[in-house]
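Novice: Next comes the sequence, and after it the predicted model I'd like to discuss.
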Amino acid sequence: MSNESSVAAEQGTSPASGHNHTPSPKNTASKNTASKNTVSKDTRRRVVTASFIGNFVEWFDYAVYGYLAGIISSVFFPESDRQTALLATFGVFAISFFVRPLGGFIWGHIGDRLGRKQALSLSIVLMSVATFCIALIPGYATIGVMAPILLLLVRVVQGFSAAGEYAGASAFLVEYAPANRRGLYAAVVPASTAAGLLLGSLLAALLSSILTTEQLNEWGWRLPFLLAAPMGLIGRYIRTKLEDTPAFRELAEKDTAVKAPAFAMFRTYRKQLIIATGAVLLNAVGFYVILSYMPTYLSEELGFGATESFLATTIALASYIGFIFLTGIASDKFGRKRMLMTASVLFVLLTVPAFMLLDTRNFLVIVLVQILLGGMLTLNDGTLPSFLAELFPTKVRYTGFAVSFNLSNALFGGTAPFMATLLIGMTHSKLAPGWYLVAAALVSLIAVLFAAETSKKPLQQD
């Protein structure tokens, strides 16, 4: 190559014409956008891992609390009335959810203004520290009424931090995922939820089988909560090593992020917010009744042993994780709306008969019924994260998802174990939790009917 050609190549000119061939602004922007949105497989793997761990820690805690509720009630509350102590334990569980809508607004604001990565890195630290602290609280016999008060305070911190985790991880995955696989990628979030519940169930079953009742009440129940600190630190480390999502980085570079995402959401996206809140209702009630409350229901209401109850739930959870990913794939193929409507219809038709079969007290039947209920729930749970993330544009995606998801969970999810126990006491019917699920499914069905299909379309930016 001649010197003239070399200089011309460096300067972007043609030696023949001497005229500049500077790429047009449009072409430059196109190339920059393409480069920015190109995500390596290694990056996507790390995104999946980071999203999985944070949600796993959160729901591992909730699982342990739910599965050991009977023991926790005897440690933190006076045992004069067994059902009252159990109601108080689930009451603390429910109250911690009431702070979640506030957390949804705050984490949504951080996520939509400062970035998904920033919000997720902070939320996992709060969650793991609060969970660890539960293991350190003395019981009622040691410090009296301060025991349930401290338990409540820690649960409130957990509820606040959890408000940003599910929504943030879902938005993070959807914005990193290939357009035709957003359902599968987002299914990692409920899968990590079920994995956390599974480990919680396994640990609860293990502790119940190898420790005496006295050992379990004195110190054994505290062991699972101690695991939160190292798991949270690992999740935090992985998240700090990631870039924010391509969709958010593009929004930040264009300087089009809204200053007050919550106001923008209520002003412009009220319909989406109402649809999202209604669609979450079945997930909120179903998740806590089927996957968290069920061991307590089997042991306290049907008289099964603790080990059998945990084992049945563990088997159902293992199958649930596999169903979740199949649902994510199916939602990419058949659409979010069809999957969510199918889930609601199945719950309306089959829930009460399923609870009737639970009362047969046959272990094999109970396992099969739990697998059935869990499989039905995955049609909703495996589809919901991608549906909610796609329902809102990038500038309010975190806020819209977090507020709708946490509002519905605060009102109906966190209260589900409490309501199930209360309804059984009021009606003297062991089918009451089933009818409660049917009502939730009807509301979700109506909400989804008004939604537009969101799959197979580009993510909304504005």
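Specialist: Received the coordinates, thanks.
Novice: What ranges does the stretch 201-350 of the chain have for its helices?
Specialist: Using DSSP state H, counting those that start in this stretch, the helices of the stretch 201-350 of the chain run over 213-218, 223-226, 228-240, 246-254, 261-268, 270-286, 294-296, 306-334, 336-358.
Novice: Just give me the lowest mean pLDDT stretch among those helices.
Specialist: If you rank the helices of the stretch 201-350 of the chain by mean pLDDT, helix 294-296 sits at the bottom with a mean of 76.
Novice: other SSEs contacting that helix?
Specialist: helix 41-67, helix 306-334 (3 or more C-beta pairs under 8 Å, 6 or more residues apart in numbering; DSSP states H and E). Every residue, glycine included, has its C-beta placed from N, CA and C.
Novice: Point out the most buried one among those helices.
Specialist: Across these, the average number of neighbours (mean count of other C-beta atoms under 10 Å) peaks for helix 41-67, which reaches a mean of 23.
Novice: and that one, how far from the chain's centre?
Specialist: Centroid separation for helix 41-67 versus its chain: 9 Å, with C-alpha atoms, centre = their mean, to the nearest Å.
Novice: and that helix with helix 228-240, angle?
Specialist: Going by axes from the mean of the first three to the mean of the last three C-alpha atoms, to 10 degrees, helix 41-67 is angled at 150 degrees with respect to helix 228-240.
Novice: Quick check: next helix or strand after helix 41-67?
Specialist: Downstream of helix 41-67, the next assigned helix or strand under DSSP states H and E is helix 69-76.
Novice: Check the average confidence over that following helix, would you?
Specialist: Mean predicted lDDT for helix 69-76 stands at 77.
Novice: Point out where the stretch 1-150 of the chain drops to low pLDDT.
Specialist: Along the stretch 1-150 of the chain, the model assigns pLDDT under 70 to residues 1-37, 66-67, 79-86, 93-94.
Novice: Output the helices of the stretch 201-350 of the chain in a markdown table, with distance to residue 387 appended to each entry.
Specialist: Listed next are the helices of the stretch 201-350 of the chain as a markdown table, based on distance: least, C-beta to C-beta, whole Å:
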| stretch | distance to residue 387 |
| --- | --- |
| helix 213-218 | 41 |
| helix 223-226 | 32 |
| helix 228-240 | 24 |
| helix 246-254 | 17 |
| helix 261-268 | 17 |
| helix 270-286 | 7 |
| helix 294-296 | 25 |
| helix 306-334 | 8 |
| helix 336-358 | 4 |
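Novice: Point me to the helix or strand that includes residue 447.
Specialist: Per DSSP H and E: helix 432-449 holds residue 447.
Novice: CA atoms only: put that helix into PDB for me.
Specialist: Extracted as PDB, the C-alpha positions of helix 432-449 are listed here (Å, rounded to 0.1, in the frame of the first residue of the first chain):
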ATOM      1  CA  ALA A 432     -61.400 -23.100  52.800                       C
ATOM      2  CA  PRO A 433     -57.900 -22.500  51.400                       C
ATOM      3  CA  GLY A 434     -59.100 -24.100  48.100                       C
ATOM      4  CA  TRP A 435     -62.000 -21.700  47.800                       C
ATOM      5  CA  TYR A 436     -59.700 -18.800  48.500                       C
ATOM      6  CA  LEU A 437     -57.500 -19.900  45.600                       C
ATOM      7  CA  VAL A 438     -60.500 -20.200  43.300                       C
ATOM      8  CA  ALA A 439     -61.500 -16.500  44.100                       C
ATOM      9  CA  ALA A 440     -57.900 -15.400  43.400                       C
ATOM     10  CA  ALA A 441     -57.900 -17.200  40.000                       C
ATOM     11  CA  LEU A 442     -61.200 -15.600  39.000                       C
ATOM     12  CA  VAL A 443     -59.800 -12.100  39.600                       C
ATOM     13  CA  SER A 444     -56.600 -12.900  37.700                       C
ATOM     14  CA  LEU A 445     -58.500 -14.300  34.800                       C
ATOM     15  CA  ILE A 446     -60.600 -11.100  34.400                       C
ATOM     16  CA  ALA A 447     -57.400  -8.900  34.600                       C
ATOM     17  CA  VAL A 448     -55.600 -10.900  31.900                       C
ATOM     18  CA  LEU A 449     -58.600 -10.800  29.600                       C
END
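Novice: If anything else comes up later, I'll come back, but that's it for now.
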